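Trainee: Could you look at this predicted model? Sequence included:
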Protein chains: 6
Amino acid sequence: MFVNPVGTEVYDEYIKGIIEEIKRPDVEATVTHLNKGPTHLEYHYYEHLIIDEMLHLLKNAEREGYDAFVIGCFYDPGLREAREIVSMPVIAPAETCMHVASTLGHKFSIIVGRRKWIPKMEDNAYVYGLERKLASFREMKLSVPQMVKNPGNTKEAILKAAKKAVEEDGAEVIVLGCTMESGFIKDLIRILGVPVLDAVVISWKFAEMCADLYHQFGLSHCKIGGYESPPQEEGWLK
Amino acid sequence: MFVNPVGTEVYDEYIKGIIEEIKRPDVEATVTHLNKGPTHLEYHYYEHLIIDEMLHLLKNAEREGYDAFVIGCFYDPGLREAREIVSMPVIAPAETCMHVASTLGHKFSIIVGRRKWIPKMEDNAYVYGLERKLASFREMKLSVPQMVKNPGNTKEAILKAAKKAVEEDGAEVIVLGCTMESGFIKDLIRILGVPVLDAVVISWKFAEMCADLYHQFGLSHCKIGGYESPPQEEGWLK
Amino acid sequence: MFVNPVGTEVYDEYIKGIIEEIKRPDVEATVTHLNKGPTHLEYHYYEHLIIDEMLHLLKNAEREGYDAFVIGCFYDPGLREAREIVSMPVIAPAETCMHVASTLGHKFSIIVGRRKWIPKMEDNAYVYGLERKLASFREMKLSVPQMVKNPGNTKEAILKAAKKAVEEDGAEVIVLGCTMESGFIKDLIRILGVPVLDAVVISWKFAEMCADLYHQFGLSHCKIGGYESPPQEEGWLK
Amino acid sequence: MFVNPVGTEVYDEYIKGIIEEIKRPDVEATVTHLNKGPTHLEYHYYEHLIIDEMLHLLKNAEREGYDAFVIGCFYDPGLREAREIVSMPVIAPAETCMHVASTLGHKFSIIVGRRKWIPKMEDNAYVYGLERKLASFREMKLSVPQMVKNPGNTKEAILKAAKKAVEEDGAEVIVLGCTMESGFIKDLIRILGVPVLDAVVISWKFAEMCADLYHQFGLSHCKIGGYESPPQEEGWLK
Amino acid sequence: MFVNPVGTEVYDEYIKGIIEEIKRPDVEATVTHLNKGPTHLEYHYYEHLIIDEMLHLLKNAEREGYDAFVIGCFYDPGLREAREIVSMPVIAPAETCMHVASTLGHKFSIIVGRRKWIPKMEDNAYVYGLERKLASFREMKLSVPQMVKNPGNTKEAILKAAKKAVEEDGAEVIVLGCTMESGFIKDLIRILGVPVLDAVVISWKFAEMCADLYHQFGLSHCKIGGYESPPQEEGWLK
Amino acid sequence: MFVNPVGTEVYDEYIKGIIEEIKRPDVEATVTHLNKGPTHLEYHYYEHLIIDEMLHLLKNAEREGYDAFVIGCFYDPGLREAREIVSMPVIAPAETCMHVASTLGHKFSIIVGRRKWIPKMEDNAYVYGLERKLASFREMKLSVPQMVKNPGNTKEAILKAAKKAVEEDGAEVIVLGCTMESGFIKDLIRILGVPVLDAVVISWKFAEMCADLYHQFGLSHCKIGGYESPPQEEGWLK
């Protein structure tokens, strides 16, 4: 299951289209959204607003037997809480892309819309232990609504920022720091000549792998320590 | 204003007592709690459950003219969101204690109740940029409910863990990693012979300083970048 | 293709068995070995001895249309050279396991046979950018030949070392630091109660994912910069 | 007590003026200077020249019952020696400003007069454990004597350097890396729109907080380990 | 013994000339080359191609009683393997220059020919533990063959890149990142006004020091742990 | 010139004896002491007390034509000031030993007398950029006066601490963290079976190398930036 953690269905079809093209034939994909909440998550308060419904969706997905759950936002909102309340694999785009990027070249750069996004994303890179592989953030000076309105423009802006990252910052891999930057991966790889990671594509393929490992070995995140679940008897987690 | 971000009033008087003893005479202290939510925050899902009401309390506090707001939990729950939605100083116990501790000795150790707490707190140390000053975490193997039930026992457990931190881990400063470890600071300093930071005490005194600077110079956290507020016209932040 | 980079065929069947159990039905697995060279790679000089034949095997595999190549040794021997001479994905067990482990818990420990192994593996953790997620190395005091001779004993030694890592070093994930520690993953997860990464299993599943991405998007490691190929006209790379 | 650790009284009145404006009414402020030594401390040899008299002043201040002592130079000269010979809080501007700055935004930049200053200050950032929160140093190409001669010019130079730090280096907080850059804080905050830390102001307010904690709890730097005092019987410390 | 690890004798005389000028009178210098292999080592595959013969040369040098061995390439090819198979000091130019540079100024920059070189060299800086002293890499956009063809041009390119490193990157020391950048050290120091480290010169002088220590105390790299030799009885190391 | 920076001549002969045994025949060694000051430097205030006379000695040594100057204390007292006021090489034992140790094995441990010493020495390791190569400090619980009184006991204590460092902390190299631990290097290497660095021996041999490079190329520490000298016209540096 891939959730667009925003209160609108408008992205579902688009994301579904991307996933249909890349998913393994033996895998079933559900793409969904939330009933309420902002239509974008540029602000951390907005992340907060959507976490509650998203966590319920996740808890239900586990009950319904899904094998992996993808949080469709590059801030990785609610990741710690999500892994705390379920045992099934929860895939976070930024975490996944940064790790995969680290295996593909010396350093990676993340293309962001606005400066606003950088502090939390850089803190996430620290928390994931990868700041040393991070060449730079490159800003397009585009908000999510602006990116959505004009995809052609977004693609140009990605290319411009990515070229600078490759030429000036030593990046060998480009990570697209928003699920709304998705859909151009083939063109971007062709034009830039370096690996480009689309957050939707990479998260989905990683989720397929995690689902296999979960199926076969029960392998998922650790439930001792940081992701220990709240006790049922306290009655808060339903 | 100091908020105990839990759905119970039972800690208000105790915390109020600690603050009354240490506050400057020219400062007014409000200690409050939430109407709903768990009575402790050992689980990150519980943190999530209380953030919403806490953020509304904070937003109101700003409207009512408070000069500083202390989040009364050592996980620093909702800190990023809190600073995003207001301009007034928001003080977080872990952030404050780790920075103050760094000025008092070579390295500090944090005394925690359970292993569960360490991953998020260590990640916070990374995010605050201070992992190099962190000598160790020392675990008492006590949950918050257990600590609350038997304060004498808690004090003994703190002493035992702190001694090990000082003797085996090279700690020169002890940080008490829970607001529920508060109230013993004088005794602990006397017995251990090293500086001990009580999260309630240090947060409050730091808040007084921040309130002064906010009053006089409008000095508070940066509102450009990571803490930029959501635009009013999007209608989500009220 | 999975290569056991040693001059003996004795491991092929065993490794093949593990892979057959975990591979996707739509994927074809070749497990092979080298014609000459030592039967284990505990020494870096031995790594050197096998790289030449392994690189030729790799170059041929690319010509024959394989989609991904797994270097079957946890030192990740010849990884830089391998990625330099081909465009297809080259999967290295240590790199892969350390990154996957980082997504499954706060910190991981690597179970090694002997102290000898640690310096290169720890240096690899630095190079991969992940030293901060590394809780510890735990040594079993077993050489590879000893491990091979007595698998039951090896399994016991893994369990003992892994328990210490979980209980004393704060590890939330266990990484088995040798392809010869493979085959026990289900039991280990069940007994230890934390995620355990078997280098053969994880490398293979990651290779499947990489093969998909390479197929669909030509996505592989960056060929500008560190992995730039030697020019054909200089005549050394055949 | 705030000491201008230079052999001239000319800065006393100016600094005193700044402190009078910000100090709490219940606090008494002494601003003083040294009898001999250079009139500025741009060179580390000059720092050396003033430490002896400064340490005697400090030792006397402790005897006379002062509650906190501020070293008025951003190199934090003699900090280790100072804390070794007394128990009362010794406040160092760079240490204090870097820690306070870290609580106000994602990263801070330090505005320095000349390149000369950077190596020691950056080493101090390492020692204080905060290099990761340091966005950059920005140089004004002004010596201390030049800054003193033309304050208007200095203010313009600070603004120019600070703007670059905010716009190009990702700084969210500006730290003024010299007590001679003091006195403009209100204007700078207003014009730049980000928090600006004046070393005199922040050190003084932090000293007030430390004095309170020292009074009430005897809380000060650790006297075991790095700051252990020389034994009286050896006769060197008088 | 100084080995030019390339399959050509053309550099021997030139390097010999440099060493003759700097060596102590009581030291005997052998400069040699390999019988086969590429004439430059810009590619990691080329490094691989020369390691075998170089290791045999080293093993023989130890048998013949040499006191120290210098690997004449700034990638430090085969260093781990080399130290594994002998007890005598093995000197690596990058390792040596980075450590010596760290004692001469706040930070150093490495002048490289092409971007291609940077990833391995930066990884080496991590492995040697010195990334924090590394100000930058500066690229001349010259391949080794281009550098060899036109030394005057190379010298100009070094000067240009080094000036930028000093003025823009904060470098206080310049390290020449290729033994083919050797021979200009006097001029470069005079023109740039900062210390410049010639990889041949520094490696040789460091080797003299190591040879003395080896002679007198048997002091060399540790043979327990990472550099433990393969056992003779396994028959691979001859 | 090697200076014992203490106010007693009692160590001169001993140190001179060590140096005579290791120095090159073409090198002249002066070992000297200070006229006043403490007889040991365990306290940072004592370091302060001796720096003034030591700096004058250094300045004179440069005038008299010495080629290198060794500060004979493992705290590296006054190193920044020393390099600021002269151009000739100034060798500091801790800096030198940590860098040389880093070339001889995976990690090193420093054997110290008392816990007191560790904070400054660890901070120095940060400043020198080498904390990652530092396995541990191991404390002998001996003050300098105790070490001096009973050298046999000291040697036993070194052996005991060093063995623990090698066996429990992963150290491959032992660094003796006090010039008073000198004189046992041959025995220690023989008994421990790992490289052991005697601060007097290593500093002296490194000084010989630096003197050669200074002679031939004028190579010494950078005089732009951190080590820029105070201007003569200000009249403080004589």
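Mentor: Perfect, thanks for sending it. Residues are numbered from 1 along each chain as shown, chains lettered A, B, ... in the order given.
Trainee: Which segments of chain A make up each domain?
Mentor: Annotated domains of chain A cover A:2-93+A:201-234, A:94-198 [automatic domain parsing].
Trainee: near chain B, anything from the last one?
Mentor: When you say that, I think you mean domain A:94-198. Yes. Against chain B, domain A:94-198 shows contacts by CB under 8 Å from any CB of the partner chain at A:Arg115, A:Lys116, A:Ile118, A:Pro119, A:Lys120, A:Asp123, A:Tyr126, A:Val127. Placement of C-beta: from N, CA and C, glycine included.
Trainee: any chance of the domains of chain A in TSV, plus mean pLDDT, distance to B:Asp26 and mean neighbour count?
Mentor: As requested, the domains of chain A are exported to TSV (pLDDT from 0 to 100; distance: least, CB to CB, whole Å; neighbours: other CB atoms under 10 Å in any protein chain shown):
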stretch	mean pLDDT	distance to B:Asp26	mean neighbour count
domain A:2-93+A:201-234	95	33	20
domain A:94-198	96	35	22
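Trainee: For chain F, find the nearest of these.
Mentor: When these are compared by CB to the nearest CB, domain A:94-198 sits nearest chain F, at 11.5 Å.
Trainee: Quick one: distance of that closest one to the chain centre.
Mentor: Centre-to-centre, domain A:94-198 and its host chain are 12 Å apart (CA atoms, centre = their mean, to the nearest Å).
Trainee: Could you check how far A:Thr39 is from A:Ile50?
Mentor: 10 Å (CB to CB, to the nearest Å).
Trainee: Please list all residues in contact with A:Leu142.
Mentor: By CB atoms under 8 Å, 6 or more residues apart in numbering or on different chains, the contact set of A:Leu142 is A:Gly113, A:Arg114, A:Asn153, A:Thr154, A:Ala157.
Trainee: can you pull out the helices in chain A?
Mentor: Using DSSP state H, the helices of chain A run over A:12-22, A:44-64, A:79-85, A:93-102, A:118-127, A:144-149, A:151-168, A:185-192, A:199-217.
Trainee: Which elements pack onto the last one?
Mentor: Using 3 or more CB pairs under 8 Å, 6 or more residues apart in numbering or on different chains; DSSP states H and E as the contact criterion, the secondary-structure elements in contact with helix A:199-217 are strand A:2-4, helix A:12-22, strand A:69-71, strand A:90-91, helix A:93-102, helix C:12-22, helix C:185-192, helix C:199-217.
Trainee: Swap in 6 Å and give it another go.
Mentor: On a contact count with 3 or more CB pairs under 6 Å, 6 or more residues apart in numbering or on different chains; DSSP states H and E, helix A:199-217 meets helix A:12-22, strand A:90-91, helix A:93-102, helix C:185-192, helix C:199-217.
Trainee: Can you tell me, leaving aside adjacent residues, what's nearest to the one residue sitting closest to the centre of chain A?
Mentor: Residue closest to the average C-alpha location in chain A (CA atoms, centre = their mean): A:Pro93, at 2.2 Å. Among residues not flanking A:Pro93 along the chain, A:Ala199 sits closest, at 4.0 Å (CB to CB, 6 or more residues apart in numbering or on different chains).
Trainee: correct me, but the one you found touches A:Ile91?
Mentor: No. In this structure A:Ala199 lies outside contact range of A:Ile91 using CB atoms under 6 Å: 10.5 Å.
Trainee: Would you mind naming what in chain A lies close to chain C?
Mentor: The interface of chain A toward chain C, taken as CB under 6 Å from any CB of the partner chain, is made up of A:95, A:99, A:102-106, A:129-130, A:132-133, A:172-173, A:185-186, A:189, A:194-195, A:205, A:209, A:217-219, A:221-222, A:224-226.
Trainee: go again using 7 Å as the cut-off
Mentor: Residues of chain A lying close to chain C by CB under 7 Å from any CB of the partner chain are A:22, A:95-96, A:99, A:102-106, A:128-130, A:132-133, A:172-173, A:185-186, A:189, A:193-195, A:205-206, A:208-209, A:212-213, A:216-222, A:224-226.
Trainee: Export stretch A:45-63 to CSV, keeping only CA atoms.
Mentor: Only the C-alpha atoms of stretch A:45-63 are listed here, as CSV (Å, rounded to 0.1, in the frame of the first residue of the first chain):
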residue,chain,number,x,y,z
TYR,A,45,2.3,21.5,11.2
TYR,A,46,0.6,20.0,8.1
GLU,A,47,2.6,16.8,8.6
HIS,A,48,1.2,16.7,12.1
LEU,A,49,-2.3,17.2,10.8
ILE,A,50,-2.2,14.1,8.6
ILE,A,51,-0.3,11.7,10.8
ASP,A,52,-3.3,10.6,12.8
GLU,A,53,-5.4,9.4,9.9
MET,A,54,-2.3,8.0,8.2
LEU,A,55,-1.5,5.9,11.3
HIS,A,56,-5.1,4.5,11.4
LEU,A,57,-4.8,3.6,7.7
LEU,A,58,-1.5,1.8,8.5
LYS,A,59,-2.9,-0.1,11.4
ASN,A,60,-5.9,-1.2,9.2
ALA,A,61,-3.6,-2.1,6.4
GLU,A,62,-1.7,-4.5,8.7
ARG,A,63,-5.0,-6.0,9.8
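Trainee: For it, which outside residues touch it?
Mentor: Under the contact criterion CB atoms under 7 Å, 6 or more residues apart in numbering or on different chains, stretch A:45-63 has outside partners A:1, A:3, A:5-6, A:34-38, A:41, A:69, A:75, A:77-78, A:81-82, A:85-86, A:88, A:90, B:48, B:51, B:81, B:84-85, B:230, B:236-237.
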